Structure formats: structure tokens, C-alpha cells
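Trainee: Need a 3D model of the following:
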Amino acid sequence: MAINKKIRINEQIKVNQIRLIDVEGAQLGIVAVRDAIKSAKEKGLDLVEVAPGANPPVCRIMDFGKYKYQISKKHTHKKTIDVKEVKIRPRISEHDLERKIGQVKTFVADGNKAKVSMFFRGREIVRPEHGMVVFDKMMEQLDGTCNFELKPKLDGKSIIMVVAPK
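Mentor: As a prediction, the model looks like this:
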């Protein structure tokens, strides 16, 4: 684990004197490292360097295993943003379009991005403006509820738009 390499504990602390903080958080002043390590061992805990850049370095008496666990838990609460995809066609009916817009709103409300893609089959690609009309209707109804990360753009035989939460 990378935490062990950054934080020095017990005998890894190579200075003569440190500023010591006890288990309750009270400052005990500047003491010799060997005395601080001895005090920590008597309590069944570790001496952990919490501020190596200070002069003298600040160390705390604590349970290092518990400290590592708390740090690892702190970094696991990051929310991942998924990209959900909604596929539509250029000649989509009004009701179906409303349903797809509802899906996009649901995805965005949940904190995810939504990718709306329209594929053209056969000779439909001759008239991409029909697809842009559908995207204009969609953007008009989604305006104000979300951000348009990628405006509708023609990409080969499809038009793609990406919508993100505000």
C-alpha cells in the first residue's frame, strides 16, 4: 500500500526531537524520539509522523492500522459517473421521443451522463437535417435541466450528443 511509503512510524523516524501529540490530541511538547517511541509502546500504540515538514516534525501516538483503514475508507467514497446510452431514429414518433427524453432526464437526475445517438440506415443519411430537427426538439425540452457536453454533431452515419448533469 502506498500509505506505508509516505508515512514514517516508530523507528523509521530519523530525527532527534519531535513535537508530540498524545492519543486524546493534547500536545505534550517537544520530546526526544526514543522517549516518544517508548511511551507509545507502553500504551500498545505506534508513533506516527503526521507533519514531517514542520520544524520539529509533528508526531502522534495512535493505532497505525486503524489510521491506514480510515485513510483507505476516505478514498473509496468517490462516485463514478457512468455514461448511459439512448438510441433514437430520425423518424421517431412524438410519444417515443418524449419517452426517450424522460429516460435522459432520469439518467441525468441520477448523476450520470447520457449519450444520445441517432443512426441512419440506407438512404436516410441523404437527409441529416431530419435528424437535426429531432435533436433540436430534444434540446429544447432538456434545456435548463442539464448541460450539453457535446452538441449534436454528424459523425459518419450517426449523430451523437452527450448530456451531463448541471
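
Trainee: low-confidence ranges in this structure?
Mentor: Applying pLDDT under 70 to the chain flags residues 1-5, 75-78.

Trainee: Output the longest strand belonging to it.
Mentor: Determined from DSSP state E, the single longest strand within the chain is strand 146-155.

Trainee: helices or strands next to that strand in the packing?
Mentor: Secondary structure elements in contact with strand 146-155, counted by 3 or more CB pairs under 8 Å, 6 or more residues apart in numbering; DSSP states H and E, are helix 94-109, strand 113-119, helix 128-142, strand 158-165. In this view, the C-beta of every residue, glycine as well, is placed from N, C-alpha and C.

Trainee: for the ones you listed, which one ends up most surrounded?
Mentor: Neighbour counts (mean count of other CB atoms under 10 Å) averaged over each of the helices and strands packed on strand 146-155 peak at strand 113-119, with a mean of 20.

Trainee: mind listing what that one pairs with, with the direction of each?
Mentor: strand 83-88 (parallel), strand 158-165 (antiparallel) (DSSP bridges).

Trainee: where's residue 120 relative to residue 150, distance?
Mentor: The gap separating residue 120 from residue 150 is 18 Å, by CB to CB, to the nearest Å.

Trainee: Would you mind telling me which of those two has more residues around it?
Mentor: residue 120 (19 against 13; other CB atoms under 10 Å).

Trainee: how many neighbours does the nearest residue to the more buried one once chain neighbours are set aside have?
Mentor: Leaving out its chain neighbours, the residue that sits closest to residue 120 by CB to CB, 6 or more residues apart in numbering is residue 157, at 5.0 Å. Using other CB under 10 Å, residue 157 has 13 other residues around it.
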